[in-house]
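S.K.: below: sequence and its predicted model.
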Amino acid sequence: MTHFLDIHTTSPDDLRAIIDNAAAMKSARAGLPKGTPDVDQPLANHMVALIFEKPSTRTRISFDVGVRQMGGETMVLSGKDMQLGHGETIADTARVLSRYVDLIMIRTFEEQTLLEMAEYASVPVINGLTDRTHPCQIMADILTFEEHNGPIKGKKVVWSGDGNNVFASFAHAAKQFEFDLVFTGPETLQPEPALDGLYTTVRDPDAAVAGADLVVTDTWVSMHDPQSARERRHNQLRGYQVNTALMNKAKPDALFMHCLPAHRDDEATSEVMDGPNSVIWDEAENRLHAQKAVMRHCLGR
């Protein structure tokens, strides 16, 4: 069974094949209307379950469109539809779903939900996000970097802000794709200890960004955070905002990325987000192409 659960559980050769396949599929679709089917239809007569315990814009739309472009059909299920792990065990849900669909994508809270789904499903399972990691996003980010600035191997990537689940997947990717990753953020929001050794920490953001090929940030607050937590995070992270002065410390051709949604003029200024170094819209589009390649990989296509 070929699942796509995390970047560090997928071999470097497979990761490279996914990126190269994504780039080729994107190139083949250049100029076509979004609803045009791919010439190759690897998901023809296939049903894909898209499970969302956490709400989503980019993940839902990009997976849905990707499945349709490759000839398949989707069944979109919310956490309320599924009641995962409540009325029925996750293991039993996985067994039942496997009788109806050919592929499962799940966007959930607990990593254990993903792992249990994969353990008991008899069809491939894809990690659409957990509280610990977000591998599909980082595959899109690497695709985006390489189409603008060439191979990411040996490049310097700087993450400014909270050491969250998106950072965790960047850390896994740093080892698999062989690039240097620097974390700059407050000690109180340091990445989890399990990631130690995959990145370096430079507390001063100006020093961290010096010579960077890519600067990345993410939202400071979650949609689930209470107001008190939002204020506390703003106080901790204000010094790590990505603004023009910080970007000027990086290389002149350094790219800026944000996985979105963004709180403009908090974690990054609008001047940076809409500036010449920003590739955030290409990054958002590339979720579609990267995830199509991930689905093909899981189905051996």
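M.R.: Okay, I see it.
S.K.: as a check, name the ranges of all helices in the stretch 151-300 of the chain.
M.R.: For the stretch 151-300 of the chain, the helices defined by DSSP state H, counting those that start in this stretch occupy 165-177, 205-209, 227-237, 244-247, 270-273, 280-298.
S.K.: I'd like those helices as TSV, with mean pLDDT and distance to Phe256 appended.
M.R.: Just so you know, the C-beta spots here come from the backbone N, C-alpha and C atoms, and that holds for glycine as well. TSV is the format used below for the helices of the stretch 151-300 of the chain (pLDDT from 0 to 100; distance: least, Cβ to Cβ, whole Å):
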stretch	mean pLDDT	distance to Phe256
helix 165-177	98	14
helix 205-209	98	11
helix 227-237	87	17
helix 244-247	98	6
helix 270-273	98	6
helix 280-298	98	7
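S.K.: out of those helices, flag the one nearest Met75.
M.R.: Taking Cβ to Cβ as the criterion, Met75 comes closest to helix 280-298 out of these, the separation being 14.6 Å.
S.K.: what are the buried residues along the closest one?
M.R.: Counting neighbours by 16 or more other Cβ atoms under 10 Å, one finds that the buried residues in helix 280-298 are 280, 282-298.
S.K.: coming back round to it: out of the helices of the stretch 151-300 of the chain, flag the one nearest Gly35.
M.R.: Using Cβ to Cβ as the criterion, the shortest distance between Gly35 and the helices of the stretch 151-300 of the chain is 12.7 Å, found for helix 280-298.
S.K.: let's see the closest one as CSV, backbone CA atoms only.
M.R.: Extracted in CSV, the C-alpha atoms of helix 280-298 (Å, rounded to 0.1, in the frame of the first residue of the first chain):
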residue,chain,number,x,y,z
ILE,A,280,2.3,33.2,-3.1
TRP,A,281,-0.2,32.9,-5.9
ASP,A,282,2.0,30.4,-7.8
GLU,A,283,2.4,28.6,-4.5
ALA,A,284,-1.4,28.4,-4.1
GLU,A,285,-1.9,27.1,-7.6
ASN,A,286,0.8,24.5,-7.3
ARG,A,287,-1.1,22.8,-4.5
LEU,A,288,-3.3,21.5,-7.4
HIS,A,289,-0.4,20.2,-9.5
ALA,A,290,1.6,18.7,-6.6
GLN,A,291,-1.4,16.9,-5.2
LYS,A,292,-2.3,15.5,-8.5
ALA,A,293,1.2,14.0,-8.7
VAL,A,294,0.8,12.7,-5.1
MET,A,295,-2.4,10.9,-6.0
ARG,A,296,-0.8,9.4,-9.1
HIS,A,297,2.1,8.2,-6.9
CYS,A,298,-0.2,6.6,-4.4
